[in-house]
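K.L.:
next one to model:
(2 chains)
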Protein chains: 2
Amino acid sequence: MHKQTITTSTNQYDVFIGKGILGNLKDYLPKEYRNILIITDTIVNELYTEKVVASLPEEAKVSVSIVPSGEASKSIEQYYQLLTDAIQQPLDRKSLIIALGGGMIGDLAGFVAATYMRGIDFIQVPTTILAHDSSVGGKVAINHPEGKNLIGNFYPPQAVLYDIDTLHSLPDKEIRSGYAEVVKHGFISNHAYLEDILKVNLTETIDSNVMTDHLQKGIAVKAQVVEQDEKESNIRKFLNFGHTLGHAIESELGYGKITHGEAVAIGMLFAIRVSEQMLGSKLPYEALYNWLSDNHYPLDLPSKSAAQLVERMKKDKKSENATVQMVLLREIGEPITENISDQKLTNLLENFMRELGS
Amino acid sequence: MHKQTITTSTNQYDVFIGKGILGNLKDYLPKEYRNILIITDTIVNELYTEKVVASLPEEAKVSVSIVPSGEASKSIEQYYQLLTDAIQQPLDRKSLIIALGGGMIGDLAGFVAATYMRGIDFIQVPTTILAHDSSVGGKVAINHPEGKNLIGNFYPPQAVLYDIDTLHSLPDKEIRSGYAEVVKHGFISNHAYLEDILKVNLTETIDSNVMTDHLQKGIAVKAQVVEQDEKESNIRKFLNFGHTLGHAIESELGYGKITHGEAVAIGMLFAIRVSEQMLGSKLPYEALYNWLSDNHYPLDLPSKSAAQLVERMKKDKKSENATVQMVLLREIGEPITENISDQKLTNLLENFMRELGS
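P.N.:
Below is the predicted model:
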């Protein structure tokens, strides 16, 4: 069992990573709760809800709200329905919401907890590799048809309870999606960690110890960044390495057509090329490309024009006054942010698309 | 011009109270904004939007979103529409939302600002007496059909710009509504202030200096409380004096049938009677009753049963584990909170309703 304590501007919470957590949730709750609402999705519900309910304190009143799996559930309608569920239980200010599932559930349930009666406790119980990233850092949100995560809060959980056992049964594309963020944490932190990650073969069963090691290092990278800059005024932006183009691809294709991490993987390749050309950086483009290719990441860009994708990037909420800002690397572990004009960005993207397509 | 600085857990902001602010807004903005969205209601829009737009920096891009006046606009639908407006302008993370109007607009626009891209700056420009209360303290929210302010955040503004000139044209019931919260601030703070307030005659034009004095003292009382307890875990509850029954009356009648302050006025009378009977307090029930009556506050309770109103109080978000908690007074300036059983509360309320009806 690995434990990492994270300090935010409003609280301190522990991230537990290890095996067998799901059968003993009550041992990890930071305080007593008399009223608990579990929010989960249709797929995770089938797999784990029964086990989770059985592992909660007997004296608590527990109910379960289930939303359809997939990013489409991060909608204003589902959000409102969950608030109505919370009122009907009824949850009070001292109640708990448990987010049982991947990043979608963490974001959605977290935003419900953040805004129900102006904020009640919630705990993340992630069941995907990708959630090693999203469950730490306090970002919660829902989507708007015009863009991802446009409606949300900064709202840290009271604990993150991360059971590695849940990760072995993930579909291949979810493993790819999660590992892309692990790779990102490698790129923005240090060379040895990155090299270590790029040795893993995602097409075979990943050793539990190796995966635990990769995830806890990734969480440590993220924790270090968000502790210094919770509200993303500064270095937290570095976590968006690969995300500028990544988000644009996701939203141009429509959420769900490509996984978040798969889109970020293409975004990282692009960010590397831009870093090379604008900063003269020496970066392992080939090594990343080959690892992605060997592990069956989709590497063909959607049949959209570069101009369309640039337009989409400008709508991204990270862009200030409608100039696109990208995270680039001077070298591994040395991210910086750079504003890039529309014209230059379009040129760079056209070249990149040509290279990727060939 | 009176200025009061308020310190929250996340920022510090100034409340300016005085005459002629609306014509010079740009002098009071705490920083430069290139993109500004004014959110206002149909009535306030007619009176002040033109003046406000003209007083903003020329170089800023300004747009205006108008919602129907009245509490019904604090709905999930209006909230979502305003977020869509913000996206379409488009506002970015460094943009500003101005809440121009009464408490409804402050709550609604504040919640939009709190959740748009996880929080952008907003400024309160109150145009009602009631807003002296709601614009300070950082509570923002929308309503759910099951209860008022059930969906929201704690999110302080960057400034409150309070132009006294806007208060003289208010309808009588808005003046009554606002002054009820002034009276509340008197009851929970000190005797001299309360006595001073109960000298005012709301049926005549109130002297600007007198009103400024009453409002700035009320704001000071509120600021002192919320600085000590921003998240309402403790003494902030004292601000709910009169609100337990007040909220129940509002929601049983349907929002808009009685003003917030008018409902709180009846709630204060009830809280005084309960204080007398449970704590043996000596309080000026008659003085308050006569002042309310002289100033044409509606003092007949709705034709609901005491049991119905108690059920409604139990749904209030302040109630923990479904026992009603009321704010009582040991004496003027000495509030406490007390949990009261359903049975006892129903008896007390039946007696009070009988007394009020006779």
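K.L.:
next up, the contacts around residue A:55.
P.N.:
Going by C-beta atoms under 8 Å, 6 or more residues apart in numbering or on different chains, residue A:55 touches A:22, A:23, A:24, A:25, A:26. The C-beta positions use only the backbone N, C-alpha and C, and glycine is treated the same way.
K.L.:
buried ones in stretch A:16-31?
P.N.:
A:16, A:17, A:18, A:21, A:22, A:25, A:28, A:29 (16 or more other C-beta atoms under 10 Å in any protein chain shown).
K.L.:
right, I mislabeled it, should have said stretch A:336-349
P.N.:
Quick answer for stretch A:336-349 (16+ other C-beta under 10 Å): A:340, A:345, A:346, A:348, A:349.
K.L.:
please narrow those to those residing in strands.
P.N.:
Judged by DSSP state E, the subset of the buried residues of stretch A:336-349 located in strands is residue A:340.
K.L.:
got CSV for the buried residues of stretch A:336-349, with pLDDT too?
P.N.:
Putting the buried residues of stretch A:336-349 into CSV (pLDDT from 0 to 100) gives the following:
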residue, pLDDT
A:340, 95
A:345, 96
A:346, 96
A:348, 97
A:349, 96
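K.L.:
just name the closest of the buried residues of stretch A:336-349 to chain B, please.
P.N.:
residue A:340 (16.1 Å; C-beta to the nearest C-beta).
K.L.:
that closest one pairs with what?
P.N.:
Note on residue A:340: beta-bridge partners residue A:324, judged by DSSP bridges.
K.L.:
quickly run through the sheet partners of the host helix or strand of residue A:142, with directions.
P.N.:
Residue A:142 belongs to strand A:139-144 when assigned by DSSP states H and E. Sheet pairing for strand A:139-144, assigned by DSSP bridges, gives strand A:147-154 (antiparallel).
K.L.:
pull the residues that contact the partner strand.
P.N.:
A:74, A:76, A:107, A:110-111, A:114-115, A:138-144, A:230-231, A:247, A:250-251, A:255, A:315-317, B:83, B:87, B:114-119, B:153.
K.L.:
list the contacts for the residue nearest the centre of chain A?
P.N.:
For chain A, the residue nearest the mean C-alpha position is residue A:134 (3.3 Å; C-alpha atoms, centre = their mean). By C-beta under 8 Å, 6+ apart, residue A:134 lies in contact with A:102, A:103, A:106, A:107, A:126.
K.L.:
about what we covered before: just the buried members of the contacts of strand A:147-154?
P.N.:
A:74, A:76, A:107, A:110-111, A:114-115, A:138-144, A:230, A:247, A:250-251, A:255, A:315-317, B:83, B:87, B:114-119, B:153.
K.L.:
in strands, which of those appear?
P.N.:
Using DSSP E, these in strands are A:139, A:140, A:141, A:142, A:143, A:144, B:153.
K.L.:
give me the pLDDT value at the nearest residue to the fifth one once chain neighbours are set aside.
P.N.:
With sequence-adjacent residues excluded and distances taken as C-beta to C-beta, 6 or more residues apart in numbering or on different chains, residue A:143 is closest to residue A:74, at 4.6 Å. The predicted local distance difference test score for residue A:74 is 97.
K.L.:
next one: residue A:291
P.N.:
pLDDT, residue A:291: 98.
K.L.:
counting neighbours, what do you get for it?
P.N.:
Per other C-beta atoms under 10 Å in any protein chain shown, the neighbour tally for residue A:291 reads 20.
K.L.:
and residue A:162, what is it in contact with?
P.N.:
Here residue A:162 is in contact with A:15, A:16, A:17, A:18, A:21, A:124, A:125, A:126, A:131, A:132, A:135, A:215 (C-beta under 8 Å, 6+ apart).
K.L.:
returning to what we had before: and the residue nearest to the centre of chain A, how far is that from residue A:162?
P.N.:
Here the criterion is C-beta to C-beta, to the nearest Å. By it, residue A:134 lies 12 Å from residue A:162.
K.L.:
farthest-apart pair in the contacts of residue A:134, please.
P.N.:
Largest separation among the contacts of residue A:134 by C-beta to C-beta: A:107 and A:126, giving 11.4 Å.
K.L.:
which one in chain A is furthest away from the centre?
P.N.:
Max radial position in chain A (C-alpha atoms, centre = their mean) goes to residue A:59, at 33.3 Å.
K.L.:
quick check: which element contains that residue?
P.N.:
Counting by DSSP H and E, residue A:59 is found in no helix or strand.
K.L.:
now swap in residue A:93 and tell me
P.N.:
Here residue A:93 is assigned to no helix or strand, by DSSP H and E.
K.L.:
what do you get for residue A:37?
P.N.:
strand A:35-41.
K.L.:
pull out the buried residues from the helix or strand following that strand.
P.N.:
Later in the chain than strand A:35-41, the nearest helix or strand by DSSP H and E is helix A:42-44. For helix A:42-44, a neighbour-count test (16+ other C-beta under 10 Å) marks A:43, A:44 as buried.
K.L.:
what's the next secondary structure element after helix A:42-44?
P.N.:
Using DSSP H and E, the first helix or strand after helix A:42-44 is helix A:50-54.
K.L.:
what's the following helix or strand after that next one?
P.N.:
strand A:61-67.
K.L.:
pull up the pairing partners for that next one, direction included.
P.N.:
For strand A:61-67, pairing defined by DSSP bridges yields strand A:35-41 (parallel).
K.L.:
please save the CA atoms from the partner strand in CSV.
P.N.:
Extracted C-alpha coordinates of strand A:35-41, given in CSV (Å, rounded to 0.1, in the frame of the first residue of the first chain):
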residue,chain,number,x,y,z
ASN,A,35,-25.4,9.3,4.5
ILE,A,36,-23.5,8.2,1.4
LEU,A,37,-24.4,8.5,-2.3
ILE,A,38,-22.4,6.4,-4.7
ILE,A,39,-22.2,7.8,-8.3
THR,A,40,-21.1,5.4,-10.9
ASP,A,41,-21.6,4.4,-14.5
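K.L.:
contacting residues around it?
P.N.:
A:48-49, A:52-53, A:56, A:60-70, A:73, A:82, A:85-86, A:89-92, A:94-102, A:104-105, A:108-109, A:112, B:321.
K.L.:
picking that back up, columns pLDDT on top of the contacts of residue A:134, output as CSV?
P.N.:
As requested, the contacts of residue A:134 are exported to CSV (pLDDT from 0 to 100):
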residue, pLDDT
A:102, 94
A:103, 92
A:106, 98
A:107, 97
A:126, 97
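K.L.:
wait, a strand at residue A:129?
P.N.:
No. According to DSSP: H, G, I helix; E, B strand; the rest coil, residue A:129 belongs to no strand; its state is coil.
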